[in-house]
Each structure stands twice: as C-alpha cells, then as structure tokens.
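Novice: Sharing a model that was predicted from the sequence below.
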Amino acid sequence: MRQVTVTIPDEYYDNLIEFLKPIPDTVVDNREEEYNKKIQEMVLERVKNSKPEDYVDARESVQRLKLKYGF
C-alpha cells in the first residue's frame, strides 16, 4: 500500500474525497484541516479580546526578542 500527500485548492476538496471514497482501504486523514480550524478560531478569539495597547510594533518586538534572548 502507498501513501500520498496532496495539496489542492479548497474548491476541489469535496470532489476529490468523493472520488476516493469507493477505493477499498482508503483512509482520508484531514487532521491538518481540523488543526488549522482550531488555530484560526483561537487567533480570532484573541483578536476579538485584544486592546490596541496590547499591540507592539514589529521593530520593537524584534528588539525585545534580541534583548531577551541575546540575538
């Protein structure tokens, strides 16, 4: 048996899954999709609950990292 990893546009996903279903012993693993949805939900929740004063300029953020970790 062989394993294949495929990256396709979202609009083709459902058609591909329907095509693969009739093949015996086919396993469709979409854990990555579930993982990405959980991350997206978490990020949206954080954005919703953040305040403007919580944001840091990118340059300032890099400087903080350099100071903290000695880069």
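Specialist: Looks like it arrived, so ask away. Numbers count the residues shown, from 1 in each chain.
Novice: Nearest the middle, which residue of the protein would you pick?
Specialist: residue 36 (3.3 Å; C-alpha atoms, centre = their mean).
Novice: In this protein, which helix is the longest?
Specialist: Taking DSSP state H as the criterion, the chain has its longest helix at helix 31-49.
Novice: for that helix, packing partners?
Specialist: Packed against helix 31-49, as judged by 3 or more C-beta pairs under 8 Å, 6 or more residues apart in numbering; DSSP states H and E, are no other helices or strands. From N, CA and C alone the C-beta is placed, and that goes for glycine too.
Novice: Only alpha carbons, please: show that helix as CSV.
Specialist: In CSV, the C-alpha atoms belonging to helix 31-49 read as follows (Å, rounded to 0.1, in the frame of the first residue of the first chain):
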residue,chain,number,x,y,z
ARG,A,31,-6.4,16.2,10.9
GLU,A,32,-4.4,19.1,9.5
GLU,A,33,-7.6,20.8,8.4
GLU,A,34,-9.1,20.3,11.9
TYR,A,35,-5.9,21.7,13.4
ASN,A,36,-6.0,24.7,11.1
LYS,A,37,-9.6,25.4,12.1
LYS,A,38,-8.7,25.3,15.8
ILE,A,39,-5.8,27.7,15.3
GLN,A,40,-8.0,30.0,13.3
GLU,A,41,-10.7,30.0,16.0
MET,A,42,-8.0,30.7,18.6
VAL,A,43,-6.5,33.6,16.7
LEU,A,44,-9.9,35.2,16.0
GLU,A,45,-10.8,34.9,19.7
ARG,A,46,-7.5,36.6,20.7
VAL,A,47,-8.0,39.4,18.2
LYS,A,48,-11.6,39.9,19.4
ASN,A,49,-10.4,40.2,23.0
